[in-house]
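Output the structure for:
(one chain, ligands or ions: 2)
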Amino acid sequence: MSKAATLTEGSANKIQNGSNGKTAENEHVVDLLTREKAEKEKVELAKAEYEARRASQIESIKRTDKKLLREMLYQMVLGRRFEEKCAEVYRMGKIGGFCHLYIGQEAIAIGAMMALEPSDMVITSYRDHVQAMVKGISPEAVLAELYGKIGGCVKGKGGSMHMFSKEHEFYGGHGIVGGQIGVGTGMAYAAKYRESGQVTLCFFGEAAVNQGIFHESLNMAQLWRLPVIYICENNNYGMGTSQERAMSTRNIAKKADAYEMANEFVDGMDVMAVRDAALRAIERARNESLPTLLEVRSYRYMGHSMSDPGNYRTREEIAKYQERDPIVLFKDSLKAAKVLSDKDFDAIEAEAVETVERAVKFAEESPFPPESELLTDVLV
Ligand SMILES: Cc1ncc(C[n+]2csc(CCOP(=O)(O)OP(=O)(O)O)c2C)c(N)n1
Ligand SMILES: [Mg+2]
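Ligands and ions are numbered 1, 2, ... in the order given. Purely as a prediction, here's the structure:
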């Protein structure tokens, strides 16, 4: 136990108020105690928030089909177990290159994407494994892609950051921060031009909105009334840089006001809140051919990528967000609404674990691409 932790609050006050004995060591201890107290208060606040959130989530659950609710929870649990397995096999050297995990952010992909029609289109950043699976690419094909194997969704040539499937209307997996905002806007333009009726969901992180492409795209989308939904996954960090250090304003959703575009702030820990906001935006896109910007506030539990030791934030900060874990929250709400029992949850958990094990077996057994694949599907 640290020296600070063994001190009582009274002795800390004494240190703080004492007129003499103000040593550098004392100041250090006071600093630690103040920080510790502030972090504890944050955790208490998070617990209270969690309860309020649960009450509103239950209301939304009551309006939703039970089979769909079960599937949503399954997809969230599958995403979590899949990503935990990715971290495990990455450490074993099975996956090479970059690997950005989505743990903590599952409510965004599941809430937004499960409100779509299968023919709608999705594009995202390099943090793309869970989105790929929710769009219908099998866990086997996603994991084999991570392994660089021929059974992967792009024959092992894309890897972690470049999941793609035209068949599933999933258009990547992009490594250039913000690059997909321009491409997603073009996809929505194409859908409108062809009168296909498709809606485009375009995901990106909060660090991407400081780039010109974000503003150029939003301007065009509103001007040309494009059926696109921009989803900013605000996890508060762009690699090791917090939003506070990089952005003049806290409020990203409001940036759309500059283009007279509809916008909403959404709680990214609440899968039903994400779904409800997505449904409103999808209706606007489909029926009025108008874009929306959703700022979904969330948090990633793991580092930026597997090689990030995460020295820029405290353990307490991560714990604060884990108090509001989106899967636990949803599970508790479903139980409180008497939609699912403990036995149902166990079955969901078992099914997810089994699916991940099947994916591992497939990825392990799938061969590496043969030499004949070296120059196919690539621009030369
Ligand atoms: C144009 C460009 N600049 C810089 C980078 C390096 N880079 C990779 S990820 C990243 C942070 C992006 O953060 P954010 O958009 O918030 O997404 P998150 O990783 O949090 O999901 C940066 C700066 C890049 N890939 N592309
Ligand atoms: Mg971010």
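
Beyond the helix ranked longest in the chain, next helix or strand please.
If you go by DSSP state H, the chain has its longest helix at helix 24-62. Using DSSP states H and E, the helix or strand that directly follows helix 24-62 along the chain is helix 66-91.

Let me know the pLDDT of V43.
On the pLDDT scale, V43 is placed at 76.

so whichever residue of the stretch 251-380 of the chain sits closest to ligand 1, which of the three states?
Residue of the stretch 251-380 of the chain nearest ligand 1, by CB to the nearest ligand atom: H304 (5.6 Å). Every residue, glycine included, has its C-beta placed from N, CA and C. Classification of H304 using DSSP: H, G, I helix; E, B strand; the rest coil returns coil.

State the helix or strand in which the one residue in the stretch 1-150 of the chain that gets nearest to ligand 1 lies.
Closest to ligand 1 within the stretch 1-150 of the chain is R127: 4.6 Å, counting by CB to the nearest ligand atom. R127 is part of no helix or strand when elements are defined by DSSP H and E.

From the centroid of this protein, which residue is nearest?
Taking CA atoms, centre = their mean as the criterion, Q105 is the residue nearest the geometric centre of the chain, at 3.1 Å.

Apart from its chain neighbours, what residue comes closest to that residue?
Closest residue to Q105 apart from its sequence neighbours, by CB to CB, 6 or more residues apart in numbering: S298 at 4.8 Å.

Need the phi and psi values for that neighbour.
Note on S298: backbone dihedrals following degrees, to the nearest 10 are phi -150, psi -160.

Next, count neighbours for it.
Number of residues near S298 (other CB atoms under 10 Å) recorded here: 24.

how about the residue nearest to the centre of the chain, what does it touch?
127, 130, 233, 235, 268, 298-300 (CB atoms under 8 Å, 6 or more residues apart in numbering).

can those go into a markdown table with extra columns for distance to A109 and pLDDT?
As requested, these are exported to a markdown table (distance: CB to CB, whole Å; pLDDT from 0 to 100):
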| residue | distance to A109 | pLDDT |
| --- | --- | --- |
| R127 | 9 | 98 |
| V130 | 5 | 98 |
| E233 | 9 | 98 |
| N235 | 13 | 97 |
| G268 | 10 | 97 |
| S298 | 10 | 97 |
| Y299 | 14 | 96 |
| R300 | 13 | 96 |
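
How about the stretch 51-200 of the chain: which residue is closest to ligand 2?
Nearest residue of the stretch 51-200 of the chain to ligand 2: R127, at 8.7 Å (CB to the ion).

show me what contacts that residue?
R127 touches 100-102, 105, 205, 233, counting by CB under 8 Å, 6+ apart.

repeat for L146
86, 89, 95, 99, 129, 152, 159-160, 363.

of those residues, buried ones?
Neighbour-count burial (16 or more other CB atoms under 10 Å) applied to the contacts of L146 gives 86, 89, 95, 99, 129, 152, 159-160, 363.

Now the residue of the stretch 201-350 of the chain found nearest ligand 1: closest residue in space, sequence neighbours ignored.
Of all residues in the stretch 201-350 of the chain, the one sitting closest to ligand 1 is G205 (2.1 Å; CB to the nearest ligand atom). Excluding the flanking residues, the one nearest G205 by CB to CB, 6+ apart is E233, at 5.6 Å.

Distance check, the residue nearest to the centre of the chain against A352.
Distance of Q105 to A352, given as CB to CB, to the nearest Å: 17 Å.

So which residues on the stretch 1-150 of the chain come close to ligand 1?
Neighbours of ligand 1 within the stretch 1-150 of the chain, by CB under 6 Å from any ligand atom: 125, 127.

Tell me where the stretch 1-150 of the chain is predicted with low confidence.
By pLDDT under 70, the weakly predicted segments of the stretch 1-150 of the chain are 1-23.

50 instead?
Low-confidence regions of the stretch 1-150 of the chain, defined by pLDDT under 50, span residues 1-20.

The chain: helices as residue ranges?
3-6, 9-17, 24-62, 66-91, 106-113, 129-134, 139-147, 179-194, 212-223, 243-246, 271-288, 315-322, 326-336, 342-365.

closest one to K166 among the ones you listed?
For K166, the closest of these is helix 179-194, at 11.7 Å, according to CB to CB.

phi, psi of the closest residue to E244 other than its chain neighbours?
Nearest non-adjacent residue to E244, counting by CB to CB, 6+ apart: R250, 7.7 Å away. Backbone dihedrals for R250, given as degrees, to the nearest 10, come out at phi -80, psi -20.

Now M272: closest residue in space, sequence neighbours ignored.
In this structure, M272 finds its nearest non-sequential neighbour in S60, 3.8 Å apart by CB to CB, 6+ apart.

what about the one you found, neighbour count?
A count of nearby residues for S60, using other CB under 10 Å, gives 17.

same question, S56
Neighbour count for S56, taken as other CB under 10 Å: 15.

Quick check, it in contact with D276.
No. Taking contacts as CB atoms under 8 Å, S56 lies outside contact range of D276: 9.7 Å.

For stretch 232-248, measure first residue to last.
Start to finish, the residues bounding stretch 232-248 are 17 Å apart (CA to CA, to the nearest Å).

Is it in proximity to ligand 2?
Yes. Stretch 232-248 is in contact with ligand 2 by CB under 5 Å from the ion, via 235, 238.

Next one: that stretch, is it in contact with ligand 1?
Yes. Stretch 232-248 is in contact with ligand 1 by CB under 6 Å from any ligand atom, via 233, 235, 237-239.

Emit the ChimeraX select command for whichever of those are buried.
Written as a ChimeraX command, the selection of buried residues from these, which uses 16+ other CB under 10 Å, is:
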select :233,235,237,238
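
Let me have the residues of stretch 232-248 next to ligand 1 in CSV, extended by distance to L143.
Converted to CSV, those look like this (distance: CB to CB, whole Å):
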residue, distance to L143
E233, 22
N235, 23
Y237, 26
G238, 27
M239, 25
